[in-house]
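J.: only the shape, not the letters, is given here:
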DNA sequence: TGGACATACGTGTAATTACACGCATACAAT
DNA sequence: ATTGTATGCGTGTAATTACACGTATGTCCA
């Protein structure tokens, strides 16, 4: 039983390490368009659900609402998204601007290149396995209340 | 070919999502001793390599050196680590204090509980598969230069 | 109608991450 | 010894993450 995260024993730490490493790779590929993989994810997801609220988007992204709020600010400052009042005055309606769509479509090929680079470095089979396992993990984790604390 | 990270297509985004979710779980478990899973990882790894430099520790943790520098500050403020001058006056020597060791040993059972909770939620097989795949990924990624940018 | 409750959101605070840049120290070659 | 180069670190800046708390709006029932 491994007792420190340098060991492969701590799944959490391994996940964080790998996420850091892979994120850096994607960020480098995306650098020419000036957005990060996190921002790309937000833009790409929003593109598929225009007009949704912050909470709805956060739910899909599996992100803390307040985290998303903070992450939206740079995108707004860049003019890539708009945050309007909704019918329900509590909620806000998010949508991509023209500039946002432009940047997103510029970023897509770079994202694809990053994806392919990672696949090439890790091996197709490894990536398939990783994807499959992570999908399963997300399913079960979002099903069960994560807050199940002792 | 999936085109946005809400899809399972982007390995990077899936990794980040899962890392966020699992980190939150570990953080909740570790809350009673007042440290995060990131801090636990640093303390536990440092415990196994007392006296090493910042760069060496960062290398093992697969963390940016400057990121680690920032992450060490709260631990120093809490009195869990000490940062001394080394023989080589450029380098600094890191070590756990008594308080650090105490907190670490208090945290270990909580970490173990988190580990078990995650295993129970995800299923033993899923966790094994995840661990194995992530280990392989880390091996290959740290072997190949991550900075292989177009 | 009024109050209880739920929903949607922002902010304060603080940790985590990383790039660009600059400084000091060590070492090697001339 | 001087000059260059490599190594080890810190800081400025900015994005990412999340908890606790507070505010405003909507809903529902007594």
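T.: That came through, no problem. Keep in mind it's a predicted model, so treat the numbers as computed, not measured.
J.: where does pLDDT dip in chain A?
T.: Applying pLDDT under 70 to chain A picks out residues A:1-8, A:143-150.
J.: those residues of it touching DNA strand C, which are they?
T.: Proximity of chain A to DNA strand C is assessed by Cβ under 7 Å from any atom of the strand, with A:16, A:20-21, A:23-24, A:27-28, A:53-56, A:65-66, A:69-70, A:83, A:86, A:88, A:90-92 identified as the residues in range. C-beta here means a position set from N, CA and C on the backbone, and glycine is covered the same way.
J.: give me the subset of these lying in helices.
T.: Using DSSP state H, the subset of those located in helices is A:16, A:20-21, A:23-24, A:27-28, A:54-56, A:65-66, A:69-70.
J.: most neighbours among those, which one is it?
T.: Counting by other Cβ atoms under 10 Å in any protein chain shown, residue A:16 has the largest number of neighbours within those, with 26 neighbours.
J.: what's the spacing between it and residue B:40?
T.: Counting by Cβ to Cβ, to the nearest Å, the gap from residue A:16 to residue B:40 is 11 Å.
J.: then residue A:44?
T.: Distance of residue A:44 to residue B:40, given as Cβ to Cβ: 33 Å.
J.: between the two, which is the more surrounded one?
T.: Neighbours per residue, other Cβ under 10 Å: of residue A:44 and residue B:40, the larger number sits with residue B:40, 27 against 22.
J.: my guess is that one contacts residue B:31. True?
T.: No: with contacts defined as Cβ atoms under 8 Å, residue B:40 does not count as touching residue B:31, sitting 11.5 Å away.
J.: residue boundaries of the strands in chain A?
T.: Here chain A has its strands, by DSSP state E, at A:81-85, A:92-96.
J.: and the contacts of the last one?
T.: Right, the one you point to is strand A:92-96. Under the criterion Cβ atoms under 8 Å, 6 or more residues apart in numbering or on different chains, residues A:43, A:46-47, A:50-54, A:57, A:72, A:80-86, A:104 lie in contact with strand A:92-96.
J.: out of the strands of chain A, deepest packed?
T.: Among these, ranked by average contacts under mean count of other Cβ atoms under 10 Å in any protein chain shown, first place goes to strand A:92-96 (a mean of 19).
J.: so, in contact with DNA strand D or not, that strand?
T.: No: using Cβ under 7 Å from any atom of the strand as the criterion, no contacts between strand A:92-96 and DNA strand D are found, and the smallest distance is 11.3 Å.
J.: quick one: strands adjacent to that strand?
T.: In the sheet, strand A:92-96 lines up against strand A:81-85 (antiparallel) (DSSP bridges).
J.: if I pick the nearest residue to residue A:40 once chain neighbours are set aside, what's in contact with it?
T.: Computed as Cβ to Cβ, 6 or more residues apart in numbering or on different chains, the closest residue to residue A:40 that is not its neighbour in sequence is residue A:107, at 5.4 Å. Residue A:107 sits next to A:30, A:33, A:35, A:40, A:43 when contact means Cβ under 8 Å, 6+ apart.
J.: could you export the strands of chain A as a markdown table, including distance to residue B:112?
T.: Output for these, formatted as a markdown table (distance: least, Cβ to Cβ, whole Å):
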| stretch | distance to residue B:112 |
| --- | --- |
| strand A:81-85 | 43 |
| strand A:92-96 | 41 |
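J.: and of those, who's closest to residue B:120?
T.: Evaluated over the strands of chain A, closeness to residue B:120 peaks at strand A:92-96, with 36.4 Å, by Cβ to Cβ.
J.: centre of the chain to that closest one, how far?
T.: Its chain's average C-alpha position is 17 Å from that of strand A:92-96, according to Cα atoms, centre = their mean, to the nearest Å.
J.: tally of neighbours for residue A:37?
T.: Close neighbours of residue A:37, defined as other Cβ under 10 Å, add up to 25.
J.: quick one: it and residue A:31 touch, right?
T.: No: using Cβ under 8 Å, residue A:37 is not in contact with residue A:31, being 10.6 Å away.
J.: biggest separation within the ones in helices among the residues of chain A next to DNA strand C, which pair?
T.: Maximum pairwise distance among those (Cβ to Cβ): 32.0 Å, between A:28 and A:55.
J.: and residue A:25, what does it touch?
T.: Here residue A:25 is in contact with A:114, A:117, A:118, B:12, B:146 (criterion: Cβ under 8 Å, 6+ apart).
J.: try residue A:39
T.: By Cβ under 8 Å, 6+ apart, the contact list for residue A:39 reads A:71, A:74, A:75.
J.: chain A: helices as residue ranges?
T.: With DSSP H as the criterion, chain A has helices spanning A:11-30, A:37-47, A:54-61, A:65-77, A:98-122, A:124-143.
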